[in-house]
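sharing a model prediction with you, sequence too.
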Amino acid sequence: MGLLLISIVLLGLGGYEAKAATDYGSQFFTHVELQNKNGVASTNFKENDRVKVVYNWDLTQAVHSGETMTIPLPAQLEYVSFAPFLLKDNDGNTVAAAVVDPINNKITLTFTTFVDTHTDINGSMFFLRRFQQG
């Protein structure tokens with residue numbers, strides 16, 4: 001399980017790879033944490049355990065509406081829900097719309113017009129996954 005956490009940290013914090021000029025990858029994520037069903041940070045999960053994946057993020061440069069940010073995830077974490085969701089800042093403003101891609105095991109966030117007129121945007125997000133032995 002330690003290797004899984006290292007993989008997520010590398011993907012979430014330093015795994016930025018530009019796919020297109022408007023995709024920022026995961027460069028704006030500052031912290032990632034796995035939590036157990038009680039909301040406690042953990043790296044000890046068994047087959048089919050629910051895992052809460054928590055990301056902190058900070059837009060450290062200007063971005064524009066329509067640009068994207070992609071979060072790749074390790075195969076050991078299986079989606080519990082495929083529903084789209086909204087990324088909101090700490091003040092509750094909608095910063096991006098998120099779409100889950102279960103085939104490629106990633107989430108793509110598309111920035112809203114809010115980012116065109118605001119700076120110092122940050123917050124956190126989470127989603128639930130199910131742990132699968134690799």
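Looks like it arrived, so ask away. Residues are numbered from 1 along each chain as shown.

any idea how far Val54 lies from Thr22?
From Val54 across to Thr22, the span is 26 Å (CB to CB, to the nearest Å). C-betas here are computed from N, CA, C, even on glycine.

swap that for Thr119, sorry
To Thr22, Thr119 is 19 Å away according to CB to CB.

tell me which residue lies nearest the centroid of this protein.
Ile71 (5.1 Å; CA atoms, centre = their mean).

what strand or helix carries the closest residue to that one other than its chain neighbours?
Sequence neighbours aside, Ile107 is the residue nearest to Ile71 in space, at 4.5 Å (criterion: CB to CB, 6 or more residues apart in numbering). Element membership for Ile107 (DSSP states H and E) is strand 106-111.

tell me which residues of stretch 116-134 are tucked away?
Ile121, Gly123, Ser124, Met125, Phe127, Arg129, Phe131 (16 or more other CB atoms under 10 Å).

what would the residues you listed look like in TSV with secondary structure?
Putting these into TSV (DSSP: H, G, I helix; E, B strand; the rest coil) gives the following:
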residue	secondary structure
Ile121	coil
Gly123	strand
Ser124	strand
Met125	strand
Phe127	strand
Arg129	strand
Phe131	strand
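
what's the closest of the residues you listed to Asn36?
Distance to Asn36 across the buried residues of stretch 116-134 (CB to CB) is lowest for Phe131, with 10.1 Å.

the protein: helices as residue ranges?
Under the criterion DSSP state H, the chain contains helices at 2-9.

coming back round to it: list the beta-bridge partners for the residue nearest to Ile71.
Ile71, Val100 (DSSP bridges).

how near is it to His118?
Counting by CB to CB, the gap from Ile107 to His118 is 22 Å.

repeat that for Thr22.
18 Å.

re the thing from before, may I have the strand holding Ile107 exported as CSV, CA atoms only?
These are the backbone C-alpha positions of strand 106-111, laid out as CSV (Å, rounded to 0.1, in the frame of the first residue of the first chain):
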residue,chain,number,x,y,z
LYS,A,106,-8.6,10.0,-14.7
ILE,A,107,-10.6,13.1,-13.8
THR,A,108,-10.6,16.2,-16.1
LEU,A,109,-11.5,19.6,-14.6
THR,A,110,-12.5,22.4,-17.0
PHE,A,111,-12.1,25.9,-15.6
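
alright, I will stop here.
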